[in-house]
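J.: No letters, just coordinates:
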Ligand SMILES: O=C(O)Cc1cc(O)ccc1O
Ligand SMILES: [Fe+2]
């Protein structure tokens, strides 16, 4: 195993296959990686003394006693134990990053809502640029989620973060970000996603700004791949297309700051060095990235429009089987071939609450108004569906096989109602006239038979 230095100064292992620069393929694999030869103990976790004078430390992402097929933990071999990366904490305010329950009596969450992209403005980092749109459930009982928009144009310098509350699913829409984490380095850009696990320390650098994107903060059980049922062993998101970074560390003794999100509150402490000092690690609790262009959509090939669950990329279970705390659903380029069928999403009401974001292009149910960077919310049991233009086009055009090109939108769908934050209700660019997109839908029924 050789090593090389990244521009950010981190020393990184080279990957074992040589085919995926800096990443190892697989979802939930038991990985092992070392940035210095022999840093990783073999055949055991806790030798009396570790090579290079490293300290062994376990990071547990599930309860020690979680069923073995769900049990996740990683063994880190680091320059200092994490406890040396902490001191007394003081509370700080990040007023626009909210956690559930956040129910403002002056905000009405009942409604069909849509927002234009939140504009860039002042200099913002990953921490100061997080803007919560909705919250659901309760962060203290580890149930539910929050959705955010991030606006980032400044790198974190000598500043690090972890969330004890949640794993973060990051969906970029604009710009390129680098996540320098304890377990390695992940770069992402639009049409890719990343999952940053609960408890993992990292800083976020801007590779190409300004950056805007969406975040789903999952308070509950971790995201996993959905079962494919009769679809079989392939298609949808395939495990090998997920990439986990190889080990990378920095040995930097400079005054630094660590911010921690814990039970919805932010805390800070000073530390005299970089906490990204894990030289080698092995385990199955690790950050991961995924290229959404490798998602293989499966759909209807004769008639009718299936439920959107057919496009689930990742699902975070709740206690109720088949009823997710969060589903992450992708509407990407695909062919529409269904005969004698109303092809766009049907009109519907859903017990689940649907927050959607547009990554690029045009969404078939909303040809206008739902633009890249924009967000819509159709909350629990609130009717919605195609706007007037989409309805007319889908109902009266000659049906032929049609490629839906230039389109990538997604949905964070949760079993819990989503509450708007004061930011979403009062500061974000809410489209006051959104519901007018259905206003001109006509009554066509006149009591006489025949397709109208
Ligand atoms: O509301 C939406 O646009 C999302 C959606 C898409 C679809 O194809 C079927 C149902 C659904 O909620
Ligand atoms: Fe819907």
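T.: On my side now, so go ahead. Quantities reported herein were computed from a predicted structural model and do not represent experimental measurements. Ligands and ions are numbered 1, 2, ... in the order given.

J.: tell me the contacts of residue 323?
T.: 352, 415 (C-beta atoms under 8 Å, 6 or more residues apart in numbering). The way it works is simple: take the backbone N, C-alpha and C, and place the C-beta from them, glycine included.

J.: Would you map the helices across the chain?
T.: 388-396, 422 (DSSP state H).

J.: out of the ones you listed, which comes closest to residue 76?
T.: Residue 76 lies closest to helix 422 among the helices of the chain, at 39.3 Å (C-beta to C-beta).

J.: distance between that closest one and the chain's centre?
T.: With C-alpha atoms, centre = their mean, to the nearest Å as the basis, helix 422 stands 22 Å off its chain's centre.

J.: quick one: average pLDDT of that helix?
T.: Helix 422 shows a mean pLDDT of 98.

J.: Can you give the contact residues for that helix?
T.: By C-beta under 8 Å, 6+ apart, the residues outside helix 422 that reach it are 104, 106-107.

J.: Let's see that with 6 Å instead.
T.: residue 104 (C-beta atoms under 6 Å, 6 or more residues apart in numbering).

J.: likewise stretch 141-156?
T.: Under C-beta under 6 Å, 6+ apart, the answer for stretch 141-156 is 100, 118, 120, 123-126, 129-138, 203-206, 209-213, 215-220, 326, 355, 412, 414, 416.

J.: The helices of the chain: which one's closest to ligand 1?
T.: The closest of the helices of the chain to ligand 1 is helix 388-396. By C-beta to the nearest ligand atom, the value is 9.9 Å.

J.: So residue 100 sits against residue 135, correct?
T.: Yes: the pair residue 100 / residue 135 is scored as a contact, 3.7 Å apart, by C-beta atoms under 6 Å.

J.: Between those two, point out the one with more neighbours.
T.: residue 135 (29 against 25; other C-beta atoms under 10 Å).

J.: What residues does that one make contact with?
T.: Counting by C-beta under 6 Å, 6+ apart, residue 135 touches 98, 100, 102, 146, 419.

J.: Leaving out sequence neighbours, find the closest residue to the residue of the stretch 251-400 of the chain found nearest ligand 1.
T.: Residue nearest to ligand 1 within the stretch 251-400 of the chain (C-beta to the nearest ligand atom): residue 345, separated by 3.3 Å. Of all residues not flanking residue 345 in the chain, residue 365 sits nearest, at 4.7 Å (C-beta to C-beta, 6 or more residues apart in numbering).

J.: could you show me where the strands are in the stretch 1-150 of the chain, in order?
T.: 3-5, 11-13, 23-25, 31-34, 55-60, 73-78, 90-92, 112-115, 130-138, 143-152 (DSSP state E, counting those that start in this stretch).

J.: before we move on, the earlier item: name the nearest of the contacts of residue 135 relative to ligand 1.
T.: residue 419 (19.1 Å).

J.: coming back round to it: do you know which of the strands of the stretch 1-150 of the chain lies nearest ligand 1?
T.: strand 112-115 (10.0 Å).
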